[in-house]
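> Pasting the sequence and the predicted coordinates here, then a few questions.
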Amino acid sequence: MDWIGIIGYSASILLILGLLAGMLWIVRVLSGDSEQFKDLKEMVETLFNTPAHLRPGADPVPGSASGEGEAAAGTESARPAFEEPCPACGETVNERHRFCPSCELRLQ
């Protein structure tokens, strides 16, 4: 075996080990409760799960922590009052229902 082959195999093995170590590090970072890698966690959540602006209870503006209750109250009062049958089962639902009480269909 020549030296170029040995160097190539060694570099390939080191590259594979480096990628494996990087993946394990990412899993360890994302499974912890530390706030140190909050941005990385949010990026991975957005890629593989529901985006931050669509998560229930998520604050749309990162700087305002106290506006969460006010924003929820504002959307409740902004919804027009209605009462109509559920499209799936026919149960009467109104603007306060997020889910149908009988069939649990998510309502818009």
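Thanks, I have the structure now. No experiment lies behind these values; they were computed from the predicted model shown. Numbers count the residues shown, from 1 in each chain.

> all contacts plus neighbour counts: C-alpha atoms, from now on.
OK.

> In the chain, what helix or strand scores lowest on average pLDDT?
Every helix and strand of the chain was ranked by mean pLDDT, DSSP states H and E. The lowest is helix 67-78, at a mean of 51.

> and Cys86, how many neighbours?
As a burial measure, Cys86 scores 20 neighbours (other Cα atoms under 10 Å).

> And the one 5 residues further on, by the same measure?
Using other Cα under 10 Å, the number of residues around Glu91 comes to 13.

> Same question for Phe99.
14.

> Please enumerate the helices of the protein.
Using DSSP state H, the helices of the chain run over residues 3-31, 38-48, 67-78.

> Pull out the buried positions in the second one.
Going by neighbour count (16 or more other Cα atoms under 10 Å), the buried part of helix 38-48 is Lys41.

> so what secondary structure elements neighbour it?
Helices and strands touching helix 38-48, as assessed by 3 or more Cα pairs under 8 Å, 6 or more residues apart in numbering; DSSP states H and E, are absent.

> Quickly list the domain ranges of this protein.
Residue ranges for the domains of the chain, per automatic domain parsing: 1-55, 76-108.

> any idea of the mean pLDDT for the first one?
So the one you mean is domain 1-55. The average pLDDT for domain 1-55 rounds to 84.
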